[in-house]
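Undergrad: return a 3D structure for these sequence lines:
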Amino acid sequence: MKHHLLCITQRRVVRTACAAVSLAILAFSSSALAASATQIPGMGPVPKADCGRFDWTESGLQGETTTWERESGDSEGGYNCNLELVGQFRGEGAFSQNGPAYYDHCAYMSTENDPLQQNPGVVVIDVSDPKNPRPTAYLDDTPAGLNPHENVKVNQRRGLLGLAQSNGPNFAVYDLSKDCAHPILASSITVPGSSGHMGGWAEDGMTYYIGQSFRGVGGTLPIIDVSDPYNAKHLLTWTFLGDGRPHDLSTNTDGTRLYSGQPGTFGAAANSSSFGPDGLVILDVSDIKFRRPNPEIRVISTLFWDDQGQAEQMLPISANGRSYIISTDESGGQAGVGGLAAACARGASPYGYSNIIDITDEKNPKIVSKIMLEVHDPGNCEHFLNEPPEVGGGALDYSTERCAPARPDNPTMLACGSRGTGTRVYDVRDILHPKEIAYWKGPAPRTAFLPGSGSWSPGVDRTVEKQAGLARFVKVPATNGKGRELHLWVVGDAGGFQVLRFTDSFMQTKAGKAIHADALQHSAE
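TA: From the prediction side, this is the model:
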């Protein structure tokens, strides 16, 4: 692990002395705040993970990096619960929320496109040896490869990587099917009027939808025909006169339904990109799927909520014969007019979290549970009002941005990346009552020179690591050489690409054995 025994002992002694004072203060405030928190099972903060004896864990609210942890330098060592590091490629840092994407034994990690970088572009990483992941290429031969945003997406079925230029018109497709470590540029096209932001593939890999930098009323959605990846073509650009304009998006298995995360912050002006309502819009895109003449996109249903603000990912899964969407949100209530204080006053969540939405009846979607940490609980909102900002970098943000299941059907585990709570792993065998089982919060970079990082700027002191991208569960030969085990691939702005494994102590627990064995049995090779 990252700490020698002496260092662990010293950190523990110092923290114990400081924690004794802070816990006394928190004891009163927490009891008062808890009274206003939701008490319905599955609708409030999830149960905390039971961490191992030698893990270095958070000392404050679930998900929080406390003021003392930040100002004392304690967060420079990072925090872990039931997860440990196997291997890492840091490079020049990463823009973690831009993907990352994965295919076979390879990862695709976006960077900031800073002129100070030695190697700009999307980094291709070969993870054949999990202890020593290594870069094999840099996708710097297209405007989209040099500067994508939150649209670095792989279609697993066809082995294609799609990229859309951030705030620009370029779209590129790379063929991964022949050698994932050395992608082949298949197409690079200019999409009229496009200003790329997020986006994603239809599940069949024949269509790519480019989410735009403007998501307000009248926003557009350029649609690309990738049936021939070596001759990708602009199919059409749809204009939304009402609901449906996506921040992030996904489709059902056959590509006839598009699940749009429509953002909408509290009090946003009518001409704003974040003008509401905020939530899920289910769209019928059958005309696009079947390439019908004069295609239309139709709204099937909507489900909106008013306690967050930047709805993002809409992840489809199934469990026990029912269909669900797991949402994420990159801001929570604090992005609305009046900021965090106004969010607290109106009872909104301070930061973004995940809803679990039952869409079995697609005309009547409904929230059935939540994946919320204590930092997301509206009852704890005022706790953060006096939290000091990062020097040069603004206030902290604990919003959840991306989630990935161990498998899409009857998942046992879900890993969620975030802006400030690290990567959290949840037991979702009972989808209505998720439980936290592990987390990994990478070491705070402080002022380390990382020009490829989405968090780095001269003069900024980062006391919390950002891990806002997709994670991936991977079945590999066990570290001890016996059998197989699950690894978790994650990317952090400062830590770059990291391979994690569940600790031996977690694997020896009843919960660890059950969850891990089931996930291992059904996970992808």
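
Undergrad: isn't F54 up against S505?
TA: Yes - contact criterion Cβ atoms under 8 Å: F54 and S505 qualify, at 7.4 Å. Using the backbone N, CA and C atoms, a C-beta is placed for each residue, glycine as well.

Undergrad: now the helices for the stretch 201-350 of the chain?
TA: With DSSP state H, counting those that start in this stretch as the definition, the stretch 201-350 of the chain shows helices at residue ranges 286-289, 339-345.

Undergrad: just for the stretch 351-500 of the chain, where's the confidence low?
TA: Counting by pLDDT under 70, not a single residue of the stretch 351-500 of the chain qualifies.

Undergrad: among the helices of the stretch 201-350 of the chain, which is the most enclosed?
TA: Among the helices of the stretch 201-350 of the chain, helix 286-289 has the highest mean neighbour count (mean count of other Cβ atoms under 10 Å), at a mean of 20.

Undergrad: which residues touch it?
TA: Outside helix 286-289, the residues that touch it by Cβ atoms under 8 Å, 6 or more residues apart in numbering are 202, 204, 206-207, 223, 235, 254-256, 292, 295-297.

Undergrad: do that again at 6 Å, thanks
TA: Residues from elsewhere that reach helix 286-289 (Cβ atoms under 6 Å, 6 or more residues apart in numbering): 255-256, 295-296.

Undergrad: mark which of those are buried, thanks.
TA: Neighbour counting over those (16 or more other Cβ atoms under 10 Å) leaves 255-256, 295 as the buried ones.

Undergrad: could I get those as a markdown table with pLDDT and distance to S301?
TA: What follows is these, written out as a markdown table (pLDDT from 0 to 100; distance: Cβ to Cβ, whole Å):
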| residue | pLDDT | distance to S301 |
| --- | --- | --- |
| G255 | 97 | 18 |
| T256 | 98 | 14 |
| P295 | 98 | 20 |
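
Undergrad: nearest to E58, of those residues?
TA: Checking the buried ones among the contacts of helix 286-289 against E58 by Cβ to Cβ gives G255 as the nearest, at 41.0 Å.

Undergrad: tell me which two of the contacts of helix 286-289 sit farthest apart.
TA: The widest separation within the contacts of helix 286-289, taken as Cβ to Cβ, falls between G255 and E296 and amounts to 15.7 Å.

Undergrad: can you give me the helices for this structure?
TA: Taking DSSP state H, the helices of the chain run over residues 5-34, 67-71, 143-146, 286-289, 339-345, 504-507, 510-522.

Undergrad: tell me which stretches of the stretch 351-500 of the chain form strands.
TA: Per DSSP state E, counting those that start in this stretch, the stretch 351-500 of the chain has strands spanning 354-358, 366-371, 400-405, 413-418, 423-427, 435-441, 472-477, 484-492, 496-502. These are given in chain order.

Undergrad: sheet-wise, list the partners of the longest one with their directions.
TA: Going back to what we said before, that points to strand 484-492. Strands that pair with strand 484-492, judged by DSSP bridges, come out as strand 472-477 (antiparallel), strand 496-502 (antiparallel).

Undergrad: looking at those, which is closest to R70?
TA: strand 496-502 (21.2 Å).

Undergrad: from what I see, E64 and V375 are in contact.
TA: Yes - with the criterion set as Cβ atoms under 6 Å, E64 and V375 qualify as a contacting pair; they are 5.2 Å apart.

Undergrad: which one's more surrounded, these two?
TA: Shown here are E64 and V375; by other Cβ atoms under 10 Å, V375 has more neighbours (30 against 22).
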